[in-house]
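S.K.: sequence unknown, structure follows:
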């Protein structure tokens, strides 16, 4: 790999990886029934774990696969391999948790919100060029976008060098997004279960509401 090619790869890799992980989470929400269940859940928490356990497994495998392809297949150089894998896994779990909450709470509307969020992150995450050079809207939303922190963390690992304190801050923000999303998803499942027990009609299965409760 020539120095120019290597520089371009290192410069864009944090952005491309973040996009790939978010797109993977969005694609998973399309093919995996985020609400639908064959058996009646015993509780909102059990319902949540039955869904997020699958999502988390896919999120981890996705992160490992992408990192391995970049390291072994393309020859991407990183400052720390284990930090690279760990941060990618944290990022993937965070994105999956966020998309799961949006899809669980709002059905197909949640997928649309996730898609819109992805589009905003194209320009607002400072992945391709500095956020200071973007329109005012992107500068305003920059701090609220999950990919902002995944790009910062991956950039630190790939091209800048290891600063564990800085990397820890980015990881903590992504973990906070994941935890908040998981709690909101759990609350949503508690609400859906209570509503179904009370005998209110289910919405169409096309929105992935539970068939049997």
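M.R.: All right, it came through fine. Everything numeric here is computed off the predicted structure, so don't read it as measured data. Numbering: from 1, shown residues only.
S.K.: okay, now the unreliable bits of this protein?
M.R.: For the chain, the stretches with pLDDT under 70 are 1-11, 39, 127-130, 197-213.
S.K.: mind naming the longest helix for it?
M.R.: Using DSSP state H to define each element, the chain has its longest helix at helix 164-197.
S.K.: pull the distance from it to the chain's centre.
M.R.: Put simply, helix 164-197 sits 11 Å off its chain's centre (C-alpha atoms, centre = their mean, to the nearest Å).
S.K.: buried stuff in that helix?
M.R.: The neighbour-count check on helix 164-197 (16 or more other C-beta atoms under 10 Å) flags 167, 170-171, 173-174, 177-178, 181-182, 184-186, 188-190, 192-193, 196 as buried. (Glycine included, C-beta is placed from N, CA and C.)
S.K.: that helix packs against which elements?
M.R.: helix 44-68, helix 81-106, helix 146-155 (3 or more C-beta pairs under 8 Å, 6 or more residues apart in numbering; DSSP states H and E).
S.K.: what's the angle between the longest one and helix 164-197?
M.R.: Right, the one you point to is helix 81-106. Here helix 81-106 points in a direction 30 degrees away from that of helix 164-197 (axes from the mean of the first three to the mean of the last three C-alpha atoms, to 10 degrees).
S.K.: what packs against helix 81-106?
M.R.: helix 3-31, helix 44-68, helix 108-124, helix 146-155, helix 164-197.
S.K.: spatially central residue for this structure, please.
M.R.: Central residue of the chain (C-alpha atoms, centre = their mean): residue 95, 1.1 Å from the mean position.
S.K.: I figured it hits residue 21, correct?
M.R.: Yes: counting by C-beta atoms under 8 Å, residue 95 touches residue 21, with 5.4 Å between them.
S.K.: which residues are common contacts for the two?
M.R.: Residues touching both residue 95 and residue 21 by C-beta atoms under 8 Å, 6 or more residues apart in numbering: residue 150.
S.K.: so how far is residue 180 from the closest residue in space to residue 191 that isn't next to it in sequence?
M.R.: Sequence neighbours aside, residue 44 is the residue nearest to residue 191 in space, at 7.6 Å (criterion: C-beta to C-beta, 6 or more residues apart in numbering). For residue 44, the distance to residue 180 equals 17 Å [C-beta to C-beta, to the nearest Å].
S.K.: before I go, just wanted to say thanks for your time.
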